[in-house]
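Chemist: sharing a sequence plus its predicted fold:
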Amino acid sequence: MKKGRVTDCYAYAKRKLKPSDRVHHGIGSDEVYGMVDTVASANRDCCVPQALLESEDDRDHPIIKQAIEIEMPITWDAVEFPRTRLLELWGQQEALLASAMPVADSQA
């Protein structure tokens, strides 16, 4: 049995996004919507989990760095993230999960 996150909800462009656009909310915004995918597939494609686009206050919004066409996934290289506690904790979680994962999937 696999340990750790198996699926997550990843962000996709609800409309065409251009450089300097701000994502005001990761959930319930005019900029993005979410679709569930496997972690393995999303990691391979460098997709951003939708919840990480949430702002902690009205000043710190993720900023789009490159054009993203409608219905395309939001990728790590396309977004400038503010330093937030949410992103810090997510990074810690990823490190913990990576250290707890078996080396090969063939181990059950």
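Modeler: Structure received. Model, not experiment: these values are computed from the prediction.

Chemist: nearest spatial neighbour of the residue nearest the centre of the chain, chain-adjacent residues omitted?
Modeler: A centroid search over the chain (C-alpha atoms, centre = their mean) returns Val48, at 1.9 Å, as the residue closest to the centre. Nearest residue to Val48 in three dimensions, chain neighbours excluded: Ile74, at 4.7 Å (C-beta to C-beta, 6 or more residues apart in numbering). Where you see a C-beta, it was placed from the backbone N, CA and C, and this is true even at glycine.

Chemist: got it, and Leu97?
Modeler: Nearest to Leu97 is Gly4, by C-beta to C-beta, 6+ apart, at 4.2 Å.

Chemist: ends of stretch 59-66, what's the gap?
Modeler: 21 Å (C-alpha to C-alpha, to the nearest Å).

Chemist: how far is it from where the chain is centred?
Modeler: 13 Å (C-alpha atoms, centre = their mean, to the nearest Å).

Chemist: please apply the same query to stretch 45-55.
Modeler: With C-alpha atoms, centre = their mean, you get 2 Å for stretch 45-55.

Chemist: using CSV, write out the CA atom coordinates for it.
Modeler: Output of stretch 45-55 as CSV, limited to C-alpha atoms (Å, rounded to 0.1, in the frame of the first residue of the first chain):
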residue,chain,number,x,y,z
ASP,A,45,4.0,18.1,-14.8
CYS,A,46,5.0,20.5,-12.0
CYS,A,47,1.4,21.4,-11.2
VAL,A,48,0.6,23.7,-8.2
PRO,A,49,-1.9,22.5,-5.6
GLN,A,50,-4.9,24.8,-5.7
ALA,A,51,-4.9,25.5,-2.0
LEU,A,52,-1.4,27.0,-2.2
LEU,A,53,-2.7,29.8,-4.2
GLU,A,54,-4.8,31.0,-1.3
SER,A,55,-3.7,34.3,0.2
